[in-house]
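S.K.: sequence? don't have it. structure:
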């Protein structure tokens, strides 16, 4: 589990702070997302096919709530 400098622990975001990580659930050519854990503890989410596009930002508690909601459906 990754820990930010703020002490937030966030599962599944790779080993290095500030390094984008492609989801293991993404296909090779479509429907790809990437996540990043920034040092401040926020999480970024972007479309890996549009890396210069919009980045959604989440606080760690928002990210956890999102994942719980997705997994429940």
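M.R.: Looks like it arrived, so ask away. What you see is a predicted model; the values in this text were computed from it and never measured.

S.K.: mean pLDDT per helix and strand in this protein: which one sits at the bottom?
M.R.: Lowest on mean pLDDT, DSSP states H and E among the helices and strands of the chain sits strand 2-3, with a mean of 48.

S.K.: what bridges to the residue nearest the centre of the chain?
M.R.: Central residue of the chain (Cα atoms, centre = their mean): residue 35, 2.9 Å from the mean position. Residue 35 has the following beta-bridge partners by DSSP bridges: residue 21, residue 45.

S.K.: and it, how far from residue 42?
M.R.: Look at residue 35 and residue 42: by Cβ to Cβ, to the nearest Å, they are 11 Å apart. In short, each C-beta sits where N, CA and C put it, glycine included.

S.K.: residues contacting residue 26?
M.R.: The contact partners of residue 26, taken as Cβ atoms under 8 Å, 6 or more residues apart in numbering, are 32, 33, 48.

S.K.: give me the neighbour count for residue 33.
M.R.: By other Cβ atoms under 10 Å, the residues close to residue 33 number 15.

S.K.: isn't it right up against residue 43?
M.R.: No - using Cβ atoms under 8 Å, residue 33 is not in contact with residue 43; the gap is 11.6 Å.

S.K.: shared neighbours of these two, which are they?
M.R.: With Cβ under 8 Å, 6+ apart applied, the contact sets of residue 33 and residue 43 do not overlap.

S.K.: where along the protein do the strands fall?
M.R.: Using DSSP state E, the strands found in the chain span residues 2-3, 9-10, 21-22, 33-37, 43-47, 55-58.
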